[in-house]
Structure formats: structure tokens, C-alpha cells
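Engineer: Using only what follows, build the 3D model:
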Amino acid sequence: MFTNAQRQVERTGRGGTPRDQYLQDLVTQFQDSTDEGYKERIVANLSNFAYDPYNYAFMRQLNILELFLDCITEPNERLVEFGVGGICNSCVDPANASVITQCGGIPLVVQCLSSPVKNTVNYALGALYYLCNPSTKNEILKPDVHRIIRDYSAAGAVNSSFSNLANAFLDKHVNS
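Structural biologist: Modelled structure (predicted):
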């Protein structure tokens with residue numbers, strides 16, 4: 001559920017932790033941890049916060065978008081999944097999309113299209129849908145990426161979510 005400042009005050013109460021501090025605590029715990037399972041849970045948690053516009057400014061301030069991008073470069077498929085999930089959840093906001101693009105996020109998201117993890121591919125397709133704009137179109141729609149997305153669009157019988165997301169991408173950014 002989306003929140004706003006007033007609702008957040010009501011939910012937090014007098015003794016609660018403000019949202020920006022809570023997110024900072026999660027980032028610090030992630031950075032201090034060596035336990036892969038714990039790191040996965042933290043990134044999954046951060047990824048869930050990434051869908052709410054109330055958190056967007058905090059995420060930029062705390063470099064959480066960059067943390068998501070770092071996770072995509074990890075060998076741990078769960079960190080990749082949750083990292084690109086956080087990117088997908090947050091990149092609908094143009095300011096977040098700009099940070100992701102400026103930090104070299106497009107090639108990282110593109111590489112997720114070949115992941116063996118279905119959620120990772122879904123998140124990558126969704127993220128590319130929102131990251132694609134006139135200034136990024138040439139970077140995203142390279143021939144090999146265009147081919148992969150076309151292949152996913154034809155995969156309806158195998159995976160309808162891949163097909164639906166790929167078709168939405170093509171309809172908006174190629175066929176329009």
C-alpha cells in the first residue's frame with residue numbers, strides 16, 4: 001500500500017523508527033553482514049520498499065538504487081533476483097530511472113534477461129519497459145537485446161508472463 005507523510009506518522013507512532021532511519025539501518029546491516037541468507041532477506045525487504053513513491057527520495061539519498069545494481073553483479077542468483085526486483089519496482093519514477101541509467105544500470109538489467117531464474121527475467125523485462133526512453137532507446141534496443149525480447153514475446157505457450165511483458169515492451173517502444 002502506498003503511504004504518505006501523515007500516514008507514516010500514524011503508523012510509526014511516537015517511539016517508532018522514521019522510515020529513512022529504518023532504511024538506513026537495513027543498508028548498514030547489509031553492508032556489515034557476511035551471511036548470504038541474511039543479505040538476501042535484507043535486499044528482498046529493501047526491494048519491497050522500492051515500489052512505494054514515498055520511499056523514492058530516501059532510496060536515492062541512501063544509495064539503495066546503487067546497492068540494487070551491485071547485487072545484480074553478484075554470483076548469488078537470489079541477490080541478483082532481489083536486486084533487479086528493486087530496480088524494477090523503483091524505476092517507474094523518472095528520477096530513479098535517471099540514477100539507474102547514470103550508474104550503468106542498463107547493461108546490468110539487460111544481462112538479467114538471460115538468467116535461469118524466471119522472476120529475474122520478469123523483473124528485467126519490467127525494468128527495461130520503464131527505463132526505455134528517447135535517451136536510452138539506442139542502448140536498450142541493440143540488435144541482440146531486441147532479438148531476445150522478440151523471442152520472449154513469442155514464448156506465450158511456454159511462459160505467458162515473459163510473453164506479456166515482452167509484447168508490452170515491443171508495443172510501447174518498437175511497434176508504436
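
Engineer: from here on, contacts and neighbour counts on C-alpha atoms
Structural biologist: Fine.

Engineer: which SS state does residue 163 fall under?
Structural biologist: Under DSSP: H, G, I helix; E, B strand; the rest coil, the three-state class of residue 163 is helix.

Engineer: what about it, how many neighbours?
Structural biologist: Using other Cα atoms under 10 Å, the number of residues around residue 163 comes to 22.

Engineer: what does residue 27 give?
Structural biologist: 19.

Engineer: Could you do the one 10 residues further on as well?
Structural biologist: Here the neighbour count serves as a burial measure; for residue 37 (other Cα under 10 Å) it reads 12.

Engineer: That one: which element?
Structural biologist: Counting by DSSP states H and E, the element that carries residue 37 is helix 36-49.

Engineer: by contact count, what packs against whichever helix or strand comes after that helix?
Structural biologist: Heading C-terminal from helix 36-49, the first helix or strand you meet, by DSSP H and E, is helix 56-61. On a contact count with 3 or more Cα pairs under 8 Å, 6 or more residues apart in numbering; DSSP states H and E, helix 56-61 meets helix 19-32, helix 94-102.

Engineer: Mind exporting the C-alpha coordinates of the last one to PDB?
Structural biologist: Right, the one you point to is helix 94-102. The C-alpha coordinates for helix 94-102 follow below in PDB (Å, rounded to 0.1, in the frame of the first residue of the first chain):
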ATOM      1  CA  PRO A  94      11.900   9.200 -13.700                       C
ATOM      2  CA  ALA A  95      14.400  10.400 -11.000                       C
ATOM      3  CA  ASN A  96      15.200   6.800 -10.000                       C
ATOM      4  CA  ALA A  97      15.400   5.700 -13.700                       C
ATOM      5  CA  SER A  98      17.900   8.500 -14.200                       C
ATOM      6  CA  VAL A  99      20.100   7.400 -11.300                       C
ATOM      7  CA  ILE A 100      19.900   3.800 -12.500                       C
ATOM      8  CA  THR A 101      20.900   4.800 -16.100                       C
ATOM      9  CA  GLN A 102      23.700   7.100 -14.900                       C
END
